[in-house]
Structure formats: structure tokens, C-alpha cells
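Engineer: attaching a predicted model along with its sequence, questions to come.
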Amino acid sequence: MRQFAAYVLLQWKRCAKIFLRSILIFGGILLLVFLLLFGMKYYFEKNDISLVKVGIVIPKEEGMTKFATDYISSMDSVKSICSFEYMDLEEAKKEYKEGDLQAVIVLPEDFYHDVQVGINPPAVLYFPENPSFSGKIFKEMILSGVSFLQIAESSVYAAIDTAYTYGSQMEISDIGNQVALVYANKIFDREKMFEEKVVSPIGEIKMSQFYYLAGMVILLSFSGLLFACMYTVNNKAVDYKLKVNGLGIVKSFISKIIVMTPFIYIFGLILYLAGKIIFEKTKIPLLDNYTNYPLMLFLVSITLAIYFHILYSLSKDGKIGKVVIIIFNIIGALCGGLIIPSAYLSDWVEVISNIIPMKYWLMMLGGGM
């Protein structure tokens, strides 16, 4: 037993030096990646991927038109793409030329009334010839809105033409309002056609949680490269000597699992705490509050240690074992649904996914997902 404890302590010391050096290198790389991602996020938000600022020019007496515009701007599908700002024509043109506005919409006088009575008043849209990515999305939204308006107008104009030909108990000016209200109610009723249930290929967790946990599994699976020192050719002589002295295959296996598990677990805890800190600072959901991560990490750490020992033992050399682990981890990440969810992969890939352990590590950390 004393020999077993001495062997475990010796291997701990060897792995601890490599582990600390690796953590420092990993921390530096992670910091560089974070700065790169933050810089890219800042660049895209400032230059392209941002809300389109739109100037709206509406005559002051057009209260109904402004009411309709306010309602449209409050819709989630609209306010996620652009923001409206009311102003007069000269101010809108000035800010558009200076680049403060990405688009300007000018609605003429009596716009709402003219639409209702069958006159098709033109609205003027100021829009750049080569818009940004957000501008292109805004353009598609405008085209969709025009399509909706054209369908509504066709119904209104058809009803007005019928009233002019055959007469109507309702005033012509009121027909447009009535048809428009019926059409709007039908549009809103479309939401009742669907159940409020989302079927996701990643289960109940959010996309940010899925990829953070997948990243944890990938990083933990590559932590096995740190333990190659226990499987070198020189270390085999020590293992053989210990085997002669009574430390057999089973005890050697247990000793290596005992050595590897704490380092894997500590690395997992670092990633777990990093996720908690990121959530507190950014409110991006990365971890599930209902999962006992310390316990799940411990179970994952033990199985990872067994996984590393099997691959190193089959390779019979630490250097070859590193290559084998890298290959297995890449195959596991691709086929195990860590990069692309398994639901999107072929059936034969699903068979591989059910054999390799990456899928189950992800499920353990995801609370079953």
C-alpha cells in the first residue's frame, strides 16, 4: 500500500507541473480569443450588424397614420431590425446625407385617408444603393410590408368598386376602415393556428448553453494530452518493476485514474466558474441552474480518465497516444453532436454517436438535455 501511495504521489507531482504550465498557456490563449471575439463583436455592431436607424416624416395632422406607424414599430419583428425616429423632411434629409440615418420614409398628406378611399398615394423612400447587411434585412422587411399593404389595398379597392357599382348602405370612406379592420383581425388570428411549443434539436436547453457545454466537453477531452508523461517508454520500466513488486494491472489502472481525475475535475471547475462569471457579467445563459455541475463534473472526470487510460494503453506509447486522442476527439466532436447537433446528421453518424462517449458527457453536463 505504501508503494501504491508513493507511486500515485510521484505521478501527481509530475502531472501537476505540466498541468500548471498548461493552464497558464490555456489562460493566455483564452484571453486572446476573448479579446478577438470582443473586437469582432464591437466591429460588427458598430459597422454592420446593428439596428437600422430610420427617419419617418409624417405631416402633423396625420394622427391616424402616426398611430399605425407606432403600432408597427412596436412589433418584435420590426424593432429587432430597425428603430424609427420622427422628424421633419429637411432634418431627415440632412441626417441621411451625414450618415446618421440609414433610411428615410416620407409619407404624404392624407396618406391614410387616400388609401382607404381607393387612391394609391406614393410614399418616398430614401435608401442607399449599397446597403449594409442590416440594411438588406430592412429592405426585405419593407418589401414584405408593401406586399401586405398591397393585399389589403386590393380588398379595399375591390369593395369600393363594388359599392360604386351596386351601391352601399355604408359610406364609401368607411368601407376602407371596415375592410382594413377585418383584414388586420385575420392577420392577428393567424397566431391561434399554432401551439406555443418549440421543438429543438438540442432539447430543453438554450443554444448558448449547448455550445458552452459542448466546448467544455471538447476542452476536457483534450486535457488527456497532459497525461502522456505517465505512458512514456521510460515509465514502462517503472511500471514493470512495480508489477514485479506486486502492483499489478488492476492497481496500476486504479492509480492512474486516481492521478488523472483531480486534474480533469479542477480544469472542469475552472470552466464552470468561468461560465458563471460570464453569465453574471453579460446575462448570457451558459449554465442550467437545475444541474448539479460539481457532481456531474466529477462523474465526467472519472469516465474521461478511464477513456484516456484505455487509449494510452492501446497505443503503448505516450507520443502515439497523443495522436490517437486527438484523432478520437475530432471524430467524437464531429459525430457526437458537439459541433452540429446529432439531429442534423446522417443515420450512420447517429450510430457512431451512440457508441462514442462524447454524446453522453454532453448529456451528463446538460442534465439529460
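Structural biologist: It's in.

Engineer: quick one: the helices in the stretch 51-200 of the chain, in order.
Structural biologist: Along the stretch 51-200 of the chain, counting by DSSP state H, counting those that start in this stretch, helices occupy 63-73, 76-79, 89-98, 111-116, 133-166, 172-189.

Engineer: any idea of the mean pLDDT in stretch 224-241?
Structural biologist: Averaging pLDDT along stretch 224-241 yields 72.

Engineer: mean pLDDT for the helices of the stretch 51-200 of the chain: which is lowest?
Structural biologist: Looking at these, the bottom one is helix 111-116 with a mean of 63.

Engineer: and L287, that's in a strand?
Structural biologist: No. Under DSSP: H, G, I helix; E, B strand; the rest coil, L287 sits outside any strand and is assigned coil.

Engineer: could you list every residue that touches it?
Structural biologist: Q209, Y212, L213, Y272, G275, K276, F279, Y293 (CB atoms under 8 Å, 6 or more residues apart in numbering). For glycine as for every other residue, the C-beta is placed from the backbone atoms N, C-alpha and C.

Engineer: dihedrals phi and psi, it?
Structural biologist: Dihedral pair for L287: phi -130, psi 150, per degrees, to the nearest 10.

Engineer: L269 should be in a helix, yeah?
Structural biologist: Yes. Counting by three-state DSSP, L269 is found in a helix.

Engineer: enumerate every residue touching it.
Structural biologist: Residues in contact with L269, defined by CB under 8 Å, 6+ apart, are P294, L297.

Engineer: next one: it, what pLDDT does it get?
Structural biologist: What the model reports for L269 is a pLDDT of 90.

Engineer: pick the most deeply packed of the helices of the stretch 51-200 of the chain.
Structural biologist: helix 111-116 (a mean of 18; mean count of other CB atoms under 10 Å).

Engineer: wait, I284 sits on K276?
Structural biologist: No. Judged on CB atoms under 8 Å, I284 makes no contact with K276 at a distance of 11.4 Å.

Engineer: and of the helices of the stretch 51-200 of the chain, who's closest to F19?
Structural biologist: Closest to F19 of the helices of the stretch 51-200 of the chain, according to CB to CB: helix 133-166, at 43.4 Å.

Engineer: now do the closest one: distance to the chain's middle.
Structural biologist: Computed by CA atoms, centre = their mean, to the nearest Å, the separation of helix 133-166 from the middle of its chain amounts to 35 Å.
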